[in-house]
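Peer 1: Here is a sequence together with a model predicted from it:
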Amino acid sequence: MAKQARSRRLRKKLHLDEFQELGFDIETEPKAPLDDHAEEALLVAFVEGVIEPRGLIYGGSLACGYVCKAGGGSATEEDRAAVRDWLQARAEFASVTVHELSDAWYASMTA
């Protein structure tokens with residue numbers, strides 16, 4: 001017997017198919033260790049400089065975290081580029097990695 005398709009209501013509740021939401025991981029490595037005050041100031045600058053103006057939210061630390069759209073919806077390739085450009089423009093970072101868009105609700109099983 002074939003599996004029945006999920007209803008639109010259930011797909012929306014589970015964030016599947018047309019209701020899937022995307023975000024992306026970031027990883028950074030500082031050029032030199034930062035004290036707590038400098039790390040907090042840089043994190044605040046990051047959130048105020050690129051996360052909030054683009055309607056995004058960020059969870060994590062300076063070393064790594066996840067970016068997605070605030071209030072539902074998906075982050076875009078333009079959001080990825082803006083975050084990458086902002087981080088790479090900062091002199092404090094030796095390396096910056098901005099990963100591809102991924103499902104914000106369900107971890108990839110291929111990782």
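Peer 2: That came through fine. Numbering: from 1, shown residues only.
Peer 1: any idea whether residue 73 is helix, strand or coil?
Peer 2: Here residue 73 is coil, with the state taken from DSSP: H, G, I helix; E, B strand; the rest coil.
Peer 1: Contacts only, for the residue nearest to residue 15 when sequence neighbours are not counted.
Peer 2: Closest residue to residue 15 apart from its sequence neighbours, by CB to CB, 6 or more residues apart in numbering: residue 105 at 4.4 Å. Where C-beta positions appear, they are placed from N, C-alpha and C, glycine not excepted. Taking CB atoms under 8 Å, 6 or more residues apart in numbering as the criterion, residue 105 is in contact with 14, 15, 20, 21.
Peer 1: can you list these in JSON lines and add distance to residue 67, secondary structure and neighbour count?
Peer 2: Listed next are the contacts of residue 105 as JSON lines, based on distance: CB to CB, whole Å; DSSP: H, G, I helix; E, B strand; the rest coil; neighbours: other CB atoms under 10 Å:
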{"residue": "14", "distance to residue 67": "22", "secondary structure": "coil", "neighbour count": "13"}
{"residue": "15", "distance to residue 67": "17", "secondary structure": "coil", "neighbour count": "14"}
{"residue": "20", "distance to residue 67": "16", "secondary structure": "coil", "neighbour count": "14"}
{"residue": "21", "distance to residue 67": "12", "secondary structure": "coil", "neighbour count": "15"}
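Peer 1: which one among those residues gets closest to residue 64?
Peer 2: Distance to residue 64, by CB to CB, is smallest for residue 21 among those, at 19.9 Å.
Peer 1: Retrieve the pLDDT associated with that closest one.
Peer 2: The score at residue 21 is 93. That number is its pLDDT.
Peer 1: go on, the one 3 residues further on?
Peer 2: At residue 24 the predicted local confidence, pLDDT, stands at 97.
Peer 1: Would you agree it falls within a strand?
Peer 2: Yes. Under three-state DSSP, residue 24 sits within a strand.
Peer 1: That one: neighbouring residues, count only.
Peer 2: Each residue near residue 24 was counted by other CB atoms under 10 Å, and the total is 22.
Peer 1: Report how many residues lie close to residue 12.
Peer 2: Neighbour count of residue 12, defined by other CB under 10 Å: 13.
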